[in-house]
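Chemist: Output the structure for:
(2 chains)
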Amino acid sequence: MALIEPFTIAETLIYASLLSLMGVGVTLLYKTSKVPNFAHASFVTLGGYVNFSLVSAFGWNPYLGLPIAFVLVGGESLLLFFLVLEPLRKAKCSVAFLMIATLAWHIAMLGFLGAYADSLETLLRIPSRNVILSRLDFTLAGLPGIFYVSVTVTVVAAVALYFVIERTNIGIALRACMENQNLAAAVGINTTRMLGIAWFLAAGLAGVAGALLPLWTQLSTGSGDTLIAAMFCVSILGGLETLYGAFAGGLILAFAQIVGTTILAKTVGLWITPYQPVVPLLLMAIVLMTNPKGIGGMKVWRRFK
Amino acid sequence: MEKVQMNFEPIILFALEVLAYVSIYLIVNEGLNIQLGVTGITQFGLVFAVSGGAFTAGYLATRAGVWMFHINTGGLDFINGNIILTTEVNSMTKAQPLNGFALLLIVIIVAGIVGALLGIISSVPAINLRSDYLGITLLAFGEILNVFGTAYTPLIGGPPGVIVPDVWAWAGGNRFVASTFTLVALAGMAYLYIEYVIRSPLGRTMRAIRDNEAAAQSLGKNLPRCRLEAIVIGSVLASIGGALFVLYAGSVTPTLTRYTWTFIPWLMLLLGGLGSNVGTLVGTATWFTLYDLILYYKFYLQNILPFDVVWLNYILLGIIVMLILIFRPQGLIPEKPLRAAGAAKSSTQ
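Modeler: As a prediction, the model looks like this:
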């Protein structure tokens, strides 16, 4: 019996893609707004429910909802940014206050999503907890469509992000904001607008990841919360030096969590499986305490520059 | 002995319950205030110590009772025989108030020791990391105990949890009065203790570190040691709060979330005013008043709304916190300069 089935590898790659899409946003927001964004959890859940609602209401193919989830969740994050974070940033609040503000937003969103899910059930009789859309998915070469789509979306997002950040004027302005906001403002860059763009992009990607989520696993109002530690772990593993580290971080965490525990379960014993959620937590704690710059900050990369 | 049985109005029982929860949360919040408000540690993992205390109570209370009252277990283990053995212990705490208080004291002491150990563990990252990294690391630590509580069944029986003895069983029908008064007394002690710590030289050092790390260091203050002390004091209180929560509720499951036991305490502190001890009390009391007012009117709202009123709580509380952050970041009762413990009145003028 093989230690790892091909199906396990496919599962891992789906998980890695979704994690990367979420983690890259966490890194982007940390680099631009200097805040670890707890509201990322609700961005993911909202994306999932946007897609689920479109599928339930119009009978759409679940992949058609992706761009709409991107725009709607991006728009929601702009509300958070302009209504809450900008006033706080102008008042020169500490990082802890910005963190708790994103958290408060997350809690309010959790309330909205819970109320929305309840309303779907009571008013429209649509079961809205623990929903899964994989029955609507296609199959190709024995693997579910979500495998191809999630990997493609992640690769496209990575390439697109690379071009926007490295090759366009907006990207140059964004990088300037990441380096030094006061200096960027001094040379005439509208930093508020740039941060807004960063929030829109980051939240949009989280929304897409959330929209893909019910095709792979169950979607609930708490889905984002169960993934939030993993998102931060991906971002920290990848390192806050560079955006693209998050993609490597997603891959590593997914392998550690799925392949790693599968191998351990087969060699050490099944009793180890329930401890799977500890993996991202331990990885994150170890990376933060030994090499807080993460993979992207390691010295080996300088040779390639 | 004839027991005096009083009949309580539902509203009084409701008020007693609110008071009990305010007391439990006040103990936990004092633990957070000394770390976050006074020392400036971004403690996003308060639930670590709280669940440590809660699991200690779940694991220990029945065992300690069986040991203390020489109950014959008859070969039952503490998970499968949980209900039978707990009932046996209850019959002893029912017979004699002293038994109940002794059991309560044992649980509090052991929960405090466990809290101190967990505090030492979580101080490892706190000494080296910056506030934002630290927040994320502690957040990660936070729910690790839940995973163990779920996976390792001998601890508290896994997901179904275990019930714990009622240390207030001796009060009979007045159980809620007795438990509430005990909790209020304990919360008062925690409050006075933190008030003392804040005014002591240690408290002044903590505030110096919070306000200007470099300046405190240049004056020869031992930063790592002071942070360690803040985290240990805070974790001991949080752990005791968790244990009391379990004893009051009567059972424990591995579901203590970072929402209920980290974020809500943060929001209560922000509401009252970070670093201010009176603020902690006012914040906790105000929060529960608001929360329970919504719950109290739940039945009126429930008929109109197509969803569970608990979601309305989430929405309102999130919005209230954002409004506080933007319009009154210092909280309801801002921190004020304090007179040092033992200082004469004239010396402050």
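Chemist: any idea which helix or strand of chain A has the worst average confidence?
Modeler: Within chain A, confidence by mean pLDDT, DSSP states H and E is lowest for strand A:139-140 among all helices and strands, at a mean of 77.
Chemist: Excluding chain neighbours, what is closest to the residue of the stretch 201-305 of chain A found nearest chain B?
Modeler: Proximity of the stretch 201-305 of chain A to chain B (Cβ to the nearest Cβ) peaks at A:Pro274, 3.5 Å away. In this view, the C-beta of every residue, glycine as well, is placed from N, C-alpha and C. In this structure, A:Pro274 finds its nearest non-sequential neighbour in B:Ala151, 3.5 Å apart by Cβ to Cβ, 6 or more residues apart in numbering or on different chains.
Chemist: Same check on B:Arg207?
Modeler: Closest residue to B:Arg207 apart from its sequence neighbours, by Cβ to Cβ, 6+ apart: B:Val38 at 6.0 Å.
Chemist: Next, give phi and psi for that neighbour.
Modeler: phi -90, psi -40 (degrees, to the nearest 10).
Chemist: so who does residue 19 touch?
Modeler: I went with chain A, as the question did not name one. A:Ala209, A:Leu227, A:Ala230, A:Met231, A:Val234, A:Gly249, A:Gly250, A:Leu253, A:Ala254 (Cβ atoms under 8 Å, 6 or more residues apart in numbering or on different chains).
Chemist: wait, I meant chain B there
Modeler: For B:Leu19, the contacting residues are B:Thr180, B:Leu183, B:Val184, by Cβ under 8 Å, 6+ apart.
Chemist: swap in A:Leu120?
Modeler: Contacts of A:Leu120 (Cβ under 8 Å, 6+ apart): A:Ser53, A:Ser56, A:Ile126, A:Ser128.
Chemist: and of these, the nearest to B:Ala20?
Modeler: Closest approach to B:Ala20 among those (Cβ to Cβ): A:Ser128, at 34.8 Å.
Chemist: returning to what we had before: out of the contacts of A:Leu120, which end up buried?
Modeler: Buried members of the contacts of A:Leu120, scored by 16 or more other Cβ atoms under 10 Å in any protein chain shown, are A:Ser53, A:Ser56, A:Ser128.
Chemist: Next one: the closest residue to chain A within the stretch 101-250 of chain B from B:Val167, what distance?
Modeler: Closest to chain A within the stretch 101-250 of chain B is B:Ala151: 3.5 Å, counting by Cβ to the nearest Cβ. Using Cβ to Cβ, to the nearest Å, B:Ala151 is found at 29 Å from B:Val167.
Chemist: who has more neighbours, those two?
Modeler: Between B:Ala151 and B:Val167, counted using other Cβ atoms under 10 Å in any protein chain shown, B:Val167 has the larger neighbour count: 31 against 19.
Chemist: And the pLDDT at the more buried one?
Modeler: In this model, B:Val167 is scored at 88, pLDDT.
Chemist: try B:Tyr291
Modeler: B:Tyr291 is assigned a predicted lDDT (pLDDT) of 80.
Chemist: swap in the one 4 residues further on?
Modeler: Predicted confidence (pLDDT) at B:Leu295: the value is 73.
Chemist: residues contacting it?
Modeler: Applying Cβ under 8 Å, 6+ apart, we find B:Leu295 in contact with B:Val309, B:Asn313.
Chemist: May I ask you to confirm that it belongs to a helix?
Modeler: Yes: judged by DSSP: H, G, I helix; E, B strand; the rest coil, B:Leu295 forms part of a helix.
Chemist: which stretches of chain A aren't confidently modelled?
Modeler: Where chain A drops to pLDDT under 70, the residues are A:1-3, A:296-305.
Chemist: at 50 what do you get?
Modeler: Applying pLDDT under 50 to chain A flags the ranges A:1.
Chemist: Just give me the residue closest to the centre of it.
Modeler: Geometric centre of chain A, nearest residue: A:Met22, 1.1 Å, by Cα atoms, centre = their mean.
Chemist: so that one sits right up against A:Ala229, yeah?
Modeler: No: judged on Cβ atoms under 8 Å, A:Met22 makes no contact with A:Ala229 at a distance of 11.3 Å.
Chemist: And for A:Tyr63, nearest residue in space, chain neighbours not counted?
Modeler: Closest to A:Tyr63 by Cβ to Cβ, 6+ apart is A:Val149, at 6.1 Å.
Chemist: dump the residue contacts of the one you found.
Modeler: Shown in contact with A:Val149 (Cβ under 8 Å, 6+ apart): A:Tyr63, A:Leu212, A:Leu215.
Chemist: top of the residues you listed by neighbour count?
Modeler: Sorting the contacts of A:Val149 by how many neighbours each has (other Cβ under 10 Å) puts A:Leu212 first, at 28 neighbours.
Chemist: Please, which helix or strand holds that residue?
Modeler: According to DSSP states H and E, A:Leu212 maps onto helix A:191-216.
Chemist: ok, and does that helix reach over to chain B?
Modeler: No: applying Cβ under 8 Å from any Cβ of the partner chain, one finds helix A:191-216 out of contact with chain B, separated by at least 16.0 Å.
Chemist: helices and strands around that helix, which ones?
Modeler: Packing partners of helix A:191-216 (3 or more Cβ pairs under 8 Å, 6 or more residues apart in numbering or on different chains; DSSP states H and E): helix A:6-33, helix A:40-58, helix A:65-79, helix A:145-167, helix A:169-179, helix A:181-186, helix A:223-238.
Chemist: from the chain's centre, how far out does that helix sit?
Modeler: Using Cα atoms, centre = their mean, to the nearest Å, the mean C-alpha position of helix A:191-216 is found 8 Å from that of the whole chain.
Chemist: residues from the stretch 201-349 of chain B in reach of chain A?
Modeler: Of all the residues in the stretch 201-349 of chain B, those in contact range of chain A (Cβ under 8 Å from any Cβ) are B:259, B:263, B:266-267, B:270, B:305-308, B:310-319, B:321-322, B:325-326, B:329.
Chemist: 6 Å instead, please
Modeler: B:263, B:266, B:306-308, B:311, B:314-315, B:318-319, B:321-322, B:325-326 (Cβ under 6 Å from any Cβ of the partner chain).
Chemist: Repeat that for the stretch 51-200 of chain B.
Modeler: B:Pro125, B:Ser131, B:Asp132, B:Tyr133, B:Gly135, B:Ile136, B:Thr137, B:Ala140, B:Ile144, B:Val147, B:Ala151.
Chemist: so can I have TSV of those showing distance to A:Val153, pLDDT and secondary structure?
Modeler: As requested, these are exported to TSV (distance: Cβ to Cβ, whole Å; pLDDT from 0 to 100; DSSP: H, G, I helix; E, B strand; the rest coil):
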residue	distance to A:Val153	pLDDT	secondary structure
B:Pro125	34	75	helix
B:Ser131	34	71	helix
B:Asp132	29	75	helix
B:Tyr133	30	75	helix
B:Gly135	30	80	helix
B:Ile136	26	78	helix
B:Thr137	30	78	helix
B:Ala140	27	74	helix
B:Ile144	32	84	helix
B:Val147	30	86	helix
B:Ala151	33	87	helix
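Chemist: thinking again about what came up before, quick check: the gap between the residue nearest to A:Tyr63 and chain B.
Modeler: For A:Val149, the distance to chain B equals 30 Å [Cβ to the nearest Cβ, to the nearest Å].
Chemist: again, but for A:Ser77
Modeler: Plainly put, A:Ser77 is 15 Å away from chain B if you go by Cβ to the nearest Cβ.
Chemist: What is the burial count for that residue?
Modeler: If you count neighbours by other Cβ under 10 Å, A:Ser77 ends up with 31.
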